[in-house]
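**Q** After the sequence you'll find the predicted model.
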Amino acid sequence: MNAWTWRSMAPRDLDRVVALADRLFPDHPEEAVHFAERLALGARLCLTLSHQAGDVGGYAVAYPWPPGQIPPLNESLAPVPMAEGSAYLHDFGIEPAISRSGHARAGLAMLVERARVAGLRRLALVAVNRTVPFWQGQGFEICEADPAMAAKLASYGSEARYMIRDL
């Protein structure tokens, strides 16, 4: 029996989510206050992969955000621009020990369904750490970066790509 299930993220999850994010993405640390702000902004789109024992094995942090714009890392989002029917998947991580168990696809499917129910028409992200092929397999397409976006992408690493999926 699979004891891991995706559910809505709650404020009580943030300490464990931030700790997991710090382990998974040490080159892109973000403070808990910014995770909390993003959770408040996109409560229906933020998910936690939780175990019946209370462990957190994964998370998704997404919120309404205009297409073609990359939100800042580890900074406040205020003021929040109009989302124009789009959401941004800011952070998505799975504990390596359980990463090949279909949890990423299941979490993304739940997120996409919730975005559709909310009336959103597209989902964007920045693919990092050589994950472009995974995201392409989930229906995301690479978008060409203008000079301003290319400058922001550079802070994520040379292989970072801005990607969008129509919902």
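**A** Yep, it's here.
**Q** Longest helix in this protein, please.
**A** helix 103-117 (DSSP state H).
**Q** got the buried residues for that one?
**A** Residues 103, 104, 106, 107, 108, 110, 111, 112, 114, 115 are the ones in helix 103-117 that count as buried (16 or more other CB atoms under 10 Å). Using the backbone N, CA and C atoms, a C-beta is placed for each residue, glycine as well.
**Q** Dump those residues to a markdown table, plus pLDDT and distance to residue 33.
**A** As requested, the buried residues of helix 103-117 are arranged in a markdown table below (pLDDT from 0 to 100; distance: CB to CB, whole Å):
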| residue | pLDDT | distance to residue 33 |
| --- | --- | --- |
| 103 | 96 | 27 |
| 104 | 96 | 27 |
| 106 | 97 | 29 |
| 107 | 97 | 24 |
| 108 | 98 | 26 |
| 110 | 98 | 26 |
| 111 | 98 | 23 |
| 112 | 98 | 28 |
| 114 | 98 | 24 |
| 115 | 97 | 25 |
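**Q** Off-centre distance for the longest helix of the chain?
**A** Taking CA atoms, centre = their mean, to the nearest Å, one finds helix 103-117 lying 11 Å from the centre of the chain it belongs to.
**Q** Quick check: which helices or strands does that helix pack against?
**A** For helix 103-117, the elements it packs on are strand 4-8, strand 47-51, strand 56-64, strand 86-94, strand 122-127, judged by 3 or more CB pairs under 8 Å, 6 or more residues apart in numbering; DSSP states H and E.
**Q** Can you dump the C-alpha atoms of the worst-scoring helix or strand of the chain on mean pLDDT in PDB for me?
**A** When the helices and strands of the chain are scored by mean pLDDT, DSSP states H and E, helix 147-154 comes last with a mean of 91. What follows is the C-alpha trace of helix 147-154 in PDB, where atoms were taken according to Å, rounded to 0.1, in the frame of the first residue of the first chain:
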ATOM      1  CA  PRO A 147      16.800  39.600 -23.200                       C
ATOM      2  CA  ALA A 148      15.100  40.600 -19.900                       C
ATOM      3  CA  MET A 149      13.900  37.000 -19.300                       C
ATOM      4  CA  ALA A 150      17.300  35.600 -20.300                       C
ATOM      5  CA  ALA A 151      18.900  37.700 -17.600                       C
ATOM      6  CA  LYS A 152      16.500  36.300 -15.000                       C
ATOM      7  CA  LEU A 153      17.000  32.800 -16.200                       C
ATOM      8  CA  ALA A 154      20.700  33.100 -15.900                       C
END
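**Q** Right, I'll call it a day here.
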